[in-house]
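[1] no letters, just coordinates:
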């Protein structure tokens, strides 16, 4: 079985996902990656960790090749507040990073999981008034 790479592994969702995947598949099969060069002690620090900047295609390609990755959970992104303050950086990370992950997946035959944000549930104020469970179908408004 090929390994799993999680980009953005030190973020809110990534840190929980890495822990859950490692519990299910074993710590050595899950490669946590993020921009930070030194992993924290837990949960991403309890198994393989790779410094990967998703805006640098060679870093993704090298991690996928070296670790024999079969699935990529791409969670690296800039969220609303910071993205609105730095739109060009957000574009490079969110769109360019996704492109680089998809290209690495194409070259190495990987599966890709790329989740959406809470923004996919509609207007932020309407979403905040109700809890949106994971099973709610996305209805993008724009």
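    That came in fine, so what should we check first? In this text the structure is predicted, and so the values were computed from the model without any measurement.
[2] how about the helices in the protein?
    Secondary structure of the chain (DSSP state H): helices located at 12-25, 57-67, 80-85, 87-90, 97-108, 124-129.
[3] what residues sit buried inside the first one?
    What that stands for is helix 12-25. For helix 12-25, a neighbour-count test (16 or more other C-beta atoms under 10 Å) marks 14, 15, 17, 18, 19, 21, 22 as buried. Backbone N, C-alpha and C define where each C-beta goes, glycine included.
[4] and of those, the nearest to residue 53?
    residue 14 (14.7 Å; C-beta to C-beta).
[5] next one, pLDDT for residue 84 please.
    You'll see residue 84 listed with a pLDDT of 87.
[6] thought residue 34 was touching residue 53?
    No - using C-beta atoms under 8 Å, residue 34 is not in contact with residue 53; the gap is 9.1 Å.
[7] which of these two has more neighbours?
    The residue with more neighbours, out of residue 34 and residue 53, is residue 34; 25 against 17, by other C-beta atoms under 10 Å.
[8] excluding chain neighbours, what is closest to that one?
    Setting aside the residues directly before and after it, residue 34 is nearest to residue 10 in space (C-beta to C-beta, 6 or more residues apart in numbering), at 4.1 Å.
[9] and if you look at residue 37?
    The nearest residue in space to residue 37 (C-beta to C-beta, 6+ apart) is residue 51, at 4.7 Å.
[10] before we move on, back to that, so which of the buried residues of helix 12-25 would you say is closest to residue 80?
    Distances from residue 80 to the buried residues of helix 12-25, taken by C-beta to C-beta, are shortest for residue 14, at 17.2 Å.
[11] lowest-confidence helix or strand of this structure?
    Lowest by mean pLDDT, DSSP states H and E among the helices and strands of the chain is helix 124-129, with a mean of 53.
[12] could you measure from the residue nearest to residue 37 over to residue 88?
    To residue 88, residue 51 is 23 Å away according to C-beta to C-beta, to the nearest Å.
[13] low-confidence stretches in the chain?
    Applying pLDDT under 70 to the chain flags residues 39-45, 117-142.
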